[in-house]
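Participant: here is a sequence with its predicted model. Questions after.
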Amino acid sequence: MSVTSEFYMARAAESARDAEAATLDNVRDRCRRSEAAWLTMAGRIAQGEAMRDTLAIEKAARPAIGL
């Protein structure tokens, strides 16, 4: 299964909603830490996706050798 940055962003948004709905400070803090972690993971995945796209474009632009 391939996880996309959208998956992580959705989890971050869910954590943010949970934090807004929390009545206890410690629960709100936990949800905010969770949100930050999900956003960090989303950023890493987005970087990987961008690098993969760039490499695919570069590979497609290379002349075919040995044909």
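Facilitator: Thanks, I have the structure now.

Participant: where's the most centrally placed residue in the chain relative to residue 2, distance?
Facilitator: Against the mean C-alpha coordinate of the chain, by CA atoms, centre = their mean, the closest residue is residue 42 at 1.5 Å. Residue 42 sits 14 Å away from residue 2, going by CB to CB, to the nearest Å. The C-beta positions use only the backbone N, C-alpha and C, and glycine is treated the same way.

Participant: which residues does the residue nearest to the centre of the chain contact?
Facilitator: Listed by CB atoms under 8 Å, 6 or more residues apart in numbering, the contact partners of residue 42 are 5, 8, 9, 12.

Participant: narrow the residues you listed to those that are buried.
Facilitator: Buried members of the contacts of residue 42, counted by 16 or more other CB atoms under 10 Å: 5, 8, 9, 12.

Participant: quick one: contacts of stretch 17-33?
Facilitator: So stretch 17-33 is in contact with 15, 16, 34, 35, going by CB under 8 Å, 6+ apart.

Participant: and residue 39, what helix or strand is that in?
Facilitator: Assigned by DSSP states H and E, residue 39 belongs to helix 25-61.

Participant: so where's this protein shaky on pLDDT?
Facilitator: Applying pLDDT under 70 to the chain flags residues 1, 66-67.

Participant: same thing but 80
Facilitator: Under the criterion pLDDT under 80, the flagged ranges of the chain are 1-2, 63-67.

Participant: now residue 35, nearest residue through space, not along the chain?
Facilitator: For residue 35, ignoring the flanking residues on the chain, the nearest one in space by CB to CB, 6 or more residues apart in numbering is residue 15 at 3.9 Å.

Participant: just checking, the one you found touches residue 38?
Facilitator: Yes. Counting by CB atoms under 8 Å, residue 15 touches residue 38, with 6.0 Å between them.

Participant: relative to residue 60, how far out is residue 36?
Facilitator: 37 Å.

Participant: no further queries at this time; thank you.
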